[in-house]
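**Student:** fold the stuff below for me.
(one chain, ligands or ions: 2)
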Amino acid sequence: MTNRIVVLKGDYIGPEIMAAGLKVLRAAAEHFDFDYDLIEEPFGGEAIDKVGEPLPQTTVEAAKNADAVLLSAIGGPKWDNAPKRPEAGLLSIRKQMGLYANIRPTRVTKQLKQYSPIENEIVSGTDFVIVRELTSGIYFGEPRWQKADSAIDTTVYRRNEVQRIARTAFDMAMKRRKHVTVVDKANVLATSKFWRQIVGEIQPEYPDVTVDYMYVDATAMNIVSHPKHFDVILTDNMFGDILSDQAAAITGSLGMIPSMSVGQSGPNLYEPIHGSAPDIAGKHIANPISMINSISMMLRYTFDQFKMADVIDRAVSQTIEDHFITRDLGGDETTEATTKHIIKSINRQE
Ligand code: ATP
Ligand code: MG
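**Tutor:** Ligands and ions are numbered 1, 2, ... in the order given. Next up, the predicted model:
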């Protein structure tokens, strides 16, 4: 069966890192008989230029019918004064694909530890993911208003919303080290106590998974002081928003971090966490590793191609060790040279 991958190549450095990622995918696929079709669709600024809107209906349909969607990064100053903004397309595609969870890995390998602002022994070997609820919680709850002397926001979580995100985290844990840490503020928040109750109900479905609970304030400390404690962090929309950025910072390199968003029934969407970096577009210095890592995540979590993902991950580590790196990591290689080195390392591994 041929796997269908929709490609949204994006704006500014988007097409540069997407091209690099797809070259790596092609090289790895040859070693593993991984069959796939790439379906390229316009999205973001590119789509505004072509058809006057950031998310054409044809792109939505293609994305919904794919097995996975790859996105690089969209938007930038070119569309600052456009009647429609590229970013509107991002909100809309998330909604139309029913993406309810965002998952970001934090990995610090021995090759990477020198880029982290945290001491080597503490951070080296860190490997966890944050599973963040994306569609509910305090960012969406009603009532919300602001008056002269008071303002209100509301956190609402419904049973089915907590159940599905909890299952996502447990499923993730089953493909990893089988450890879920539920992060909340259950000493004060009713919604947190509710999350604990629902997680407790689901836990028996996953007898192999260990669960622990941690307050969000303690988690903020532990992410910088004991990051190796974590495997899968399960948390709500706002806590996940904050902790995801904190976790990104301990790796020391925005240009390496991928993410995946999980769809209710349709495909997952994989993308780097950084933006379209207009300041470095066209200069051949964009770090392609964020996109390559997004592709590795896709192979692992959509297609169950664990070995193929491992080979790509090892090639990336090797390339960093060989100091074939772009400027953001302190090297002076081009996007293309880094990519070539990664492919060479894949071909050497078999
Ligand atoms: P957005 O609002 O779209 O998230 P941003 O203002 O946060 O955008 P980014 O585009 O994420 O900005 O970039 C932040 C900085 O990191 C920029 O200086 C950019 O050049 C750099 N950067 C981002 N991605 C990469 C990459 N893949 N390689 C090298 N540098 C990068
Ligand atoms: Mg940003």
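**Student:** so what's the backbone phi/psi at the residue in the stretch 151-300 of the chain positioned nearest to ligand 1?
**Tutor:** Closest residue of the stretch 151-300 of the chain to ligand 1, Cβ to the nearest ligand atom: G275 (2.1 Å). Backbone N, C-alpha and C define where each C-beta goes, glycine included. G275 adopts backbone torsions of phi -90, psi -160, taken as degrees, to the nearest 10.
**Student:** do the same with E30
**Tutor:** Per-residue torsions, E30: phi -60, psi -30 (degrees, to the nearest 10).
**Student:** and it, how far from V183?
**Tutor:** Separation of E30 from V183 (Cβ to Cβ, to the nearest Å): 41 Å.
**Student:** higher neighbour count, the two?
**Tutor:** V183 (30 against 11; other Cβ atoms under 10 Å).
**Student:** could you give the bridge partners of that one?
**Tutor:** Counting by DSSP bridges, V183 forms beta bridges with M214, T235.
**Student:** got a list of what it touches?
**Tutor:** By Cβ atoms under 8 Å, 6 or more residues apart in numbering, the contact set of V183 is Y213, M214, Y215, V216, T219, I233, L234, T235, F239, L243.
**Student:** could you dump the residues you listed to CSV with distance to ligand 1 and neighbour count?
**Tutor:** As requested, the contacts of V183 are exported to CSV (distance: Cβ to the nearest ligand atom, whole Å; neighbours: other Cβ atoms under 10 Å):
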residue, distance to ligand 1, neighbour count
Y213, 32, 17
M214, 28, 19
Y215, 29, 16
V216, 23, 19
T219, 24, 23
I233, 22, 28
L234, 25, 28
T235, 21, 27
F239, 20, 23
L243, 17, 21
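**Student:** local confidence estimate at the residue of the stretch 151-300 of the chain closest to ligand 1?
**Tutor:** G275 is assigned 95 on the pLDDT scale.
**Student:** and it, what does it touch?
**Tutor:** Listed by Cβ under 8 Å, 6+ apart, the contact partners of G275 are A73, G75.
**Student:** ok, and the closest non-adjacent residue to G137?
**Tutor:** N237 (3.5 Å; Cβ to Cβ, 6 or more residues apart in numbering).
**Student:** next one: the one you found from E133, what distance?
**Tutor:** For N237 relative to E133 (Cβ to Cβ), the value is 5 Å.
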